[in-house]
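Enquirer: Next input, structure requested:
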Amino acid sequence: MISNDNIRKVGKKLPFGRSFENVLRHTIYQLYYKNYLIKNNIQENRLLILATIARSGTHYMMILLSNYINYISGGNRSIGPSDMNKMLPNNWHLSYMSYRNIPFGPYHVNSIVTPDKRLKFLGLSDITRSHSIFQKVFWKNGNILHLYRNPLDYSVSLFNYKHKKRIGKKNPANSPQEVLNEKFANYVEMYKSYIEATNSGKYKIFRLPYELLIKDPEYYLYAVLTWLGIDPKKEIISRAVLTSSIKNVKKAEETGAKVNPAAKDLKGSFISSGKIGQWKKYYNNSDYNYWEKKFSNHGIDLNAFILEP
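Expert: Numbers count the residues shown, from 1 in each chain. All right, here's what the predicted structure looks like:
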């Protein structure tokens, strides 16, 4: 039987050691993964992965796509958060990489939910999501939509979501800067992994700043659909954007709909205001200079992000 323990034993016996162990594990992961896609009739080149940094518009893009799919397939009623989660139920890690699919995989729960048949109107087998570094082993033939946000506003949104809005949160952070300090290494690793993957020219990646999506959702939804090889219908895009507004999603939440069912013990809305430049309430000039230098030391230009409305 193939297991992590058996792979380690093989690795230890060979001169390559740990490096061989990792190559062997990834090779077997990939074989199981490809087999799992085949079993579920999912073609890699028709898989859209929303590969996003947290609090960077993942669910906003999901509801935009859901409403476009709904309307283009003949639906009349708008898609709210609950219907969105039914149409796009699969988290890439939990659905595609669970122990049920890969016997020694890293995730214990869930398995893929049969994708909604209406996805065929975008020429897709499934739309899934992930908050992780770029997955070179598994995403070679997929469509990767990378949403990211300036790290200062990211820290404010994450502070509000993870700390201010949590009921009974133990040891909450006192400021967005505490959150950014905690998440700094993770943010840098994720962000740079997508830059490197894009620059390699080996993958199909569309990188989209959250700020541009918020400023002009019609234009960028059109751009994403065109990138997928779709001939978008502008009137349906306009309708999808209108019904997917933050205001409408918050109204749905007030009736009990959950944008993210996994977000438990949450006080208030899962959706933030989406405003650009919130960081200015929490970071002074000295703080900005500190973070500008810290990001620069890791090869990231803070001024290259969209920081102003």
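Enquirer: average pLDDT for the longest helix seen in the chain?
Expert: Counting by DSSP state H, the longest helix found in the chain is helix 176-200. For helix 176-200, mean pLDDT rounds to 97.
Enquirer: Over to stretch 281-291?
Expert: Stretch 281-291 comes out at a mean pLDDT of 98.
Enquirer: still on that earlier bit, for the longest helix of the chain, list every residue counted as buried.
Expert: 176-177, 179-180, 183-184, 187-188, 190-191, 193-195, 197-198 (16 or more other CB atoms under 10 Å). (C-beta placed from N, C-alpha, C; glycine too.)
Enquirer: got it, and stretch 291-302?
Expert: For stretch 291-302, using 16+ other CB under 10 Å, the buried residues are Trp291, Lys294, Phe295, Ile300, Leu302.
Enquirer: All the helices of the stretch 51-200 of the chain, in order from the start?
Expert: With DSSP state H, counting those that start in this stretch as the criterion, the stretch 51-200 of the chain has helices at 58-72, 81-87, 151-159, 176-200.
Enquirer: can you list contacts of the last one?
Expert: With contact meaning CB atoms under 8 Å, 6 or more residues apart in numbering, helix 176-200 is reached by 51, 53, 131-134, 136, 144, 146, 148, 151-152, 154-156, 158-159, 162-163, 173, 203, 205, 207, 279, 282-283, 287, 291, 294-295, 298-300.
Enquirer: If any of these are buried, put those into a PyMOL selection.
Expert: Per 16+ other CB under 10 Å, the buried members of these correspond to this PyMOL selection:
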select buried, resi 51+53+131+132+133+134+144+146+148+151+152+154+155+156+158+159+162+163+173+203+205+279+282+283+287+291+294+295+300
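Enquirer: For the residue most central in space within the chain, list the residues it contacts.
Expert: Residue closest to the mean C-alpha point of the chain, counted by CA atoms, centre = their mean, is Thr52 at 3.0 Å. Contacts of Thr52 were listed using CB under 8 Å, 6+ apart, and they are Thr58, Met61, Arg129, Ser130, His131, Leu145, His146, Leu147, Tyr148.
Enquirer: Same check on Pro89?
Expert: Ser95, Val113 are the contacts of Pro89 under CB under 8 Å, 6+ apart.
Enquirer: do you know how far it is from Pro115?
Expert: Going from Pro89 to Pro115 by CB to CB, to the nearest Å gives 8 Å.
Enquirer: Quick one: list the elements packing against whatever helix or strand Lys34 lives in.
Expert: Applying DSSP states H and E as the criterion places Lys34 in helix 18-39. Contact here means 3 or more CB pairs under 8 Å, 6 or more residues apart in numbering; DSSP states H and E; on that basis helix 18-39 packs against helix 4-13.
Enquirer: Quick one: mean pLDDT over the helix it packs on.
Expert: Here the average pLDDT along helix 4-13 is 49.
Enquirer: Low-confidence bits of this protein, can you list those?
Expert: Within the chain, the stretches with pLDDT under 70 are 1-22, 98-110, 164-171, 252-271.
Enquirer: one more time with 90
Expert: The chain contains residues with pLDDT under 90 at 1-40, 93-113, 137, 160-174, 246-274.
Enquirer: Domain ranges for it, per the record?
Expert: 1-39, 40-304 (automatic domain parsing).
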